[in-house]
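**Q** sequence and computational prediction follow.
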Amino acid sequence: MDADTAWLADHLAVALRERGRAVARVSWRGFWRARSLRLEHGRHDPDSYYESWTDVSGLRREVLDPMRPGAAWTWVPSLWDAERDRATRAPRIQAAPGTVVVLDGPFLLRPELADALDAVVHLQTSDAAVRRRLAEADRAPDAEQVLGAWHRYLSEARPADTAAAVLRFEDPRHPALVLRGR
């Protein structure tokens, strides 16, 4: 699922730049918490994945809030390198007024973030599609973690009802726009 959101966000950022817009490309993975905090309740806990993996307050503080109209327009592209499990120490970047933040990741319409986002594209997928996209070695245990968190998000945040657009994303090569109200 992460690869899907990153792929789509990368293409959107390119399209916006080609149209002359300044873009701040941000990934939720740059705002993960330390491994010890992410795995505090076990490697496969869906509630931990949903609630604790992302430093939501850091993402708001360092990216989303500074990019609001009238704010400082300086932002930090990441706080944490999950692969090395250490701080990135990324420098602040001065953004041009009107810069579009393109953020990828799951759970973006959760209550802590929803009011900080102007438009969200929700990628609607079946459980089978999620399982197919997980790495072979991770399918058995991680599928339940990811699916458990995903189902919680769908029931609590109801992203298909509030997103600016919903794409049916069973096969990333063939996304389909979901028309609501029909």
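**A** Sure thing, it's come through. Numbering: from 1, shown residues only.
**Q** okay, buried residues for stretch 82-97 please.
**A** Within stretch 82-97, the residues that count as buried by 16 or more other Cβ atoms under 10 Å are 82, 95. C-beta coordinates here come from the backbone N, C-alpha and C atoms, glycine included.
**Q** could you pull out the helices in this structure for me?
**A** For the chain, the helices defined by DSSP state H occupy 2-18, 35-38, 46-51, 56-59, 111-114, 127-133, 139-157, 159-162.
**Q** in terms of secondary structure, what does the fourth one contact?
**A** In terms of contact count using 3 or more Cβ pairs under 8 Å, 6 or more residues apart in numbering; DSSP states H and E, helix 56-59 is assigned the packing partners helix 111-114.
**Q** same question for the last one.
**A** Of the remaining helices and strands, those touching helix 159-162 by 3+ Cβ pairs under 8 Å, 6+ apart are strand 121-124.
**Q** ok, the residue most central in space within the chain to Ala82 distance?
**A** Nearest to the geometric centre of the chain sits Gly105, at 1.5 Å (Cα atoms, centre = their mean). As judged by Cβ to Cβ, to the nearest Å, Gly105 and Ala82 stand 12 Å apart.
**Q** and for Arg133?
**A** Distance from Arg133 to Ala82, by Cβ to Cβ: 18 Å.
**Q** low-scoring pLDDT stretches of the chain, where are they?
**A** The model of the chain has pLDDT under 70 over residues 1-3, 135-142, 181-182.
**Q** try 80 this time
**A** Across the chain, the ranges flagged by pLDDT under 80 are 1-4, 42-43, 133-144, 180-182.
**Q** got a list of what Tyr153 touches?
**A** Contact analysis of Tyr153 by Cβ atoms under 8 Å, 6 or more residues apart in numbering lists 50, 106-107, 109-110, 159.
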